[in-house]
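[1] My questions are about this predicted structure, shown below with the sequence.
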Amino acid sequence: MILTKLRLRNFRNYDDCIFHFQKGINCILGKNAQGKTNLLESIYYLSTTRSHRSSDDSDLIRKDADYFGIDAVLEKKEQKEELRVSVSASGKNLYIYRNPVHRVSDFIGECNAVMFCPDDMILFNAQPKIRRRFMDIELGKLSKSYMSKLNDYSKLLKERNAVLKREQFSEEYMSVLNERMAELQVIILRQRVKFMSDLLKISEGFYHELSGDETQLELKYMSCVDPALSEDEMRQGFMAKYQEAYERDRFMKTTAYGIHKDDFTILINGKDAADYASQGQKRTILLAMKVGIVLMINTIKNDTPILLLDDVFSELDQYRRSKLLDLLPKEIQIFISATDLMNSLNDRMVNFYTIENGKLKN
Ligand SMILES: Nc1ncnc2c1ncn2[C@@H]1O[C@H](COP(=O)(O)OP(=O)(O)OP(=O)(O)O)[C@@H](O)[C@H]1O
């Protein structure tokens, strides 16, 4: 898949700007604070229907405007697809070929993009919810069924917590909720553990290639129930956790145990990378994981996703830059933002776009 045309209206510091992009590498150049990240953010938004750096869509609306619009043309195997997102105070509207799309999960997956930006480094030290979000977003790109099960689970969790807040409730209804949630948790947990294991298999090799060393990488998934158990045992395990925490849940009026509390750790040579890895190693681990996700989407969805490298390519040394481009199939469209022209683009087809104050200069 290639993004060939993008129109941004009232998006961040863009008033109305049209871009025509090419295959290969699209290099977005400009001084600081001109709109390079904003441009990559709009592509990420098309992919996930959310920003990678703000949870409030109104931040993305240009100052003094009352809506933003992103229009895109994608080239997919001889076929063109048009996507549109518009956001105003009344909400978010999504369109494919000008037809409204009512379920976000029907829109996600139309434009697959993987972003790597400096803020991703927080993955190592952040609260578990940031790592869970990473898993949910990336796995959601690969599996619509995962997204829908996660959505069902979130609704049930909300309902369970609402019931816990009541003075009195039906024990029977609570056990129906528990059983349904335990079933969903088994499916979600299985998918997450498989995703992390597949991601590790593919990323570890990339890490070795990019770093030039043989450091052992591990992605360790942590849950309140052992994912190595059979499905039946896991289901029983979740039910036992509900029982164990029953008094606590009633007192706290919230659900203590479940996949909404799970986490994972990144280990290098058996030690937590958060405390042990250097900044350069952390960056290389993340890069290897992002490249891994790109290739997983490529294989599983039979689609070439877009790779967005915001402010990170120039941070890599010449060896890693060159290796990175060698690892990525030539069909992958890459967007690189930087303040200056770079070398090590490995004779790839490169198109340059200069941004100045929310406008395309060339
Ligand atoms: N909603 C908004 N309305 C208007 N301008 C905005 C809005 N949100 C952000 N901006 C402006 O966008 C600019 C930042 O753009 P961006 O983050 O894309 O910079 P950049 O070119 O990537 O810079 P750097 O090289 O420093 O990372 C800032 O000038 C900021 O004030």
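    Received it, and whenever you're ready, just let me know what you need.

[2] residue ranges with poor pLDDT in this protein?
    Applying pLDDT under 70 to the chain picks out residues 343-344, 346-347.

[3] The top helix by length along it packs against which elements?
    When the chain is parsed with DSSP state H, its longest helix is helix 171-211. Here helix 171-211 touches helix 128-142, helix 144-164, strand 217-222, helix 231-244, helix 279-300, helix 318-327, going by 3 or more C-beta pairs under 8 Å, 6 or more residues apart in numbering; DSSP states H and E. (Each C-beta comes from the backbone N, C-alpha and C, glycine too.)

[4] quick one, what contacts the nearest residue to residue 160 once chain neighbours are set aside?
    Take residue 160 and drop its neighbours on the chain: the residue closest to it by C-beta to C-beta, 6 or more residues apart in numbering is residue 177, 5.0 Å away. Shown in contact with residue 177 (C-beta atoms under 8 Å, 6 or more residues apart in numbering): 156, 159, 160, 163.

[5] before we move on, what about residue 137?
    With C-beta under 8 Å, 6+ apart, residue 137 has these contacts: residue 48.

[6] ok, back up a step: a markdown table please, covering the contacts of residue 177 and showing distance to residue 311 and neighbour count.
    Shown next, in a markdown table, are the contacts of residue 177 (distance: C-beta to C-beta, whole Å; neighbours: other C-beta atoms under 10 Å):
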| residue | distance to residue 311 | neighbour count |
| --- | --- | --- |
| 156 | 39 | 19 |
| 159 | 41 | 14 |
| 160 | 41 | 21 |
| 163 | 46 | 15 |
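
[7] Would you format those as JSON lines with distance to residue 250 included?
    Output for the contacts of residue 177, formatted as JSON lines (distance: C-beta to C-beta, whole Å):
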{"residue": "156", "distance to residue 250": "17"}
{"residue": "159", "distance to residue 250": "15"}
{"residue": "160", "distance to residue 250": "11"}
{"residue": "163", "distance to residue 250": "10"}
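
[8] which of those lies closest to residue 301?
    The closest of those to residue 301 turns out to be residue 156 (C-beta to C-beta; 28.0 Å).

[9] Go ahead and confirm that closest one touches residue 184.
    Yes - shown here, residue 156 and residue 184 form a contact pair, counting by C-beta atoms under 8 Å, at 7.0 Å.

[10] neighbours around the residue of the stretch 151-300 of the chain found nearest the ligand, how many?
    Residue nearest to the ligand within the stretch 151-300 of the chain: residue 283 (16.4 Å; C-beta to the nearest ligand atom). Residue 283: 20 surrounding residues under other C-beta atoms under 10 Å.

[11] Likewise for residue 214?
    9.

[12] residue contacts, it?
    residue 208.

[13] Surely it is in a helix?
    No - counting by DSSP: H, G, I helix; E, B strand; the rest coil, residue 214 falls outside a helix, being coil.

[14] Just give me how far the longest helix of the chain sits from the chain centre.
    Computed by C-alpha atoms, centre = their mean, to the nearest Å, the chain-centroid distance of helix 171-211 equals 15 Å.

[15] what does stretch 116-128 give?
    Worked out by C-alpha atoms, centre = their mean, stretch 116-128 lies 12 Å from the chain centre.

[16] ditto for stretch 132-145
    Mean C-alpha position of stretch 132-145 versus that of the full chain (C-alpha atoms, centre = their mean) differs by 7 Å.

[17] now do stretch 350-362
    Centre-to-centre, stretch 350-362 and its host chain are 26 Å apart (C-alpha atoms, centre = their mean).

[18] which residues are contacting that stretch?
    12-15, 17-19, 21-22, 24-31, 34-36, 38-39, 341.

[19] if you set the cut-off to 7 Å instead, what comes out?
    Residues outside stretch 350-362 that contact it (C-beta atoms under 7 Å, 6 or more residues apart in numbering): 13-15, 17, 19, 22, 24-30, 34-36, 39.

[20] Give the phi and psi angles for whichever residue of the stretch 101-250 of the chain sits closest to the ligand, as a check.
    Residue of the stretch 101-250 of the chain nearest the ligand, by C-beta to the nearest ligand atom: residue 118 (8.7 Å). Backbone geometry at residue 118, expressed as degrees, to the nearest 10, gives phi -60, psi -30.

[21] correct me, but it touches residue 313?
    No - counting by C-beta atoms under 7 Å, residue 118 stays clear of residue 313, with 11.3 Å between them.

[22] in the helix or strand harbouring residue 18, what's buried?
    Here residue 18 sits within strand 14-20, counting by DSSP states H and E. Of the residues in strand 14-20, 14, 17, 19 count as buried by neighbour count, 16 or more other C-beta atoms under 10 Å.

[23] From those, pick the one nearest residue 228.
    For the buried residues of strand 14-20, the minimum distance to residue 228 (C-beta to C-beta) is 48.2 Å, reached by residue 19.
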